[in-house]
Every structure is written in structure tokens, then in C-alpha cells.
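> Predicted model and sequence follow; I will ask about them next.
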Amino acid sequence: MEINLTYKSLVILLAAFYCIAGVYHFINPAFYLGLIPDYIPKAIFINYVVGLVELLLGILILLPKYRKTACYGIMVLLILLVPSHVYFIQIGSCDAGGLCVPNWVSWTRLIVIHPLLIYWAYAVSKN
């Protein structure tokens, strides 16, 4: 029972995390625009697409029939977003929109947090 309750908590938290993140792309697009590398065209469009994908994947996680697919989608999305984390480090962890963090925070996000998010989705996909 405890394992099942823990799994349900992981599912709900994962869904909430991606739904909130997805909605935030629409509420505050400026937060994300500076994180999109200059070499990627149509940054505003990309921001909204990523937000929509995060929102849809977050919702699909709640549906057992689609949970595994949604988790794999999250893993792919997170891998596709690695260049934005690298770009943020390359520009000194400060973007033109005012988002500035210490460089070690950006490295921790890329090397520790990002893989943990991938693992979280992977773990949820396995049950």
C-alpha cells in the first residue's frame, strides 16, 4: 500500500509540475525567451509550443492509458531542451530579460536536476 501511495504521489506531482510549467510559458513568456538560443528561429512560437507540449504531457500523465507515452514524451522533451541549458551557461547564466543566477546554479540544473527530472519521468513510466 505504501509503495502504491508513493507512486500515486509521484504521478500527481509529475503531472502538476508539467502542467504548471506549461501554463507558465503562456503567463510569462518573457521568462523563457532569453533561454532560447539565438540560432533557433521563432523563439516566441517555440516557447508556446513547448508550453503546450508540457501542459498536454502533464494532463496525459494522469490518464493511465497514456501515462507511459507521456513519460517518454517528457524524457524526449527534456533531452531536446538541453541546448537551452547549455546556451544559458554560455551566456553567463544571465539573459537580457533579467534572469540571472550564479553559474553553479546553471551547472547544477544541467548536470543534476535535469537528469533527475528525466529519471522521475522514467520511474513513473515503469508502473
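In hand now; what should we look at? Please read these numbers as outputs of a predicted model, since none were measured by experiment.
> tell me, what residue is most central in this protein?
Ranked by distance to the mean C-alpha position of the chain (Cα atoms, centre = their mean), the top residue is L78 at 5.8 Å.
> Regarding the residue lying closest to that residue once chain neighbours are set aside, what is its secondary structure?
In this structure, L78 finds its nearest non-sequential neighbour in I118, 5.1 Å apart by Cβ to Cβ, 6 or more residues apart in numbering. Yep, even glycine has a C-beta here, placed from its N, CA and C like the rest. Applying DSSP: H, G, I helix; E, B strand; the rest coil to I118 yields a three-state assignment of helix.
> measure I118 to I44 for me?
Distance from I118 to I44, counting by Cβ to Cβ, to the nearest Å: 26 Å.
> So which of these two has more stuff around it?
Legend: neighbour count by other Cβ atoms under 10 Å for I118 and I44, higher for I118 (17 against 12).
> Would you mind confirming that that one makes contact with L81?
No - taking contacts as Cβ atoms under 8 Å, I118 lies outside contact range of L81: 10.5 Å.
> Go ahead and measure how far the helix ranked longest in the chain is from the middle of the chain.
Across the chain, the longest stretch assigned as helix under DSSP state H is helix 2-27. The chain centroid and the centroid of helix 2-27 are separated by 11 Å under Cα atoms, centre = their mean, to the nearest Å.
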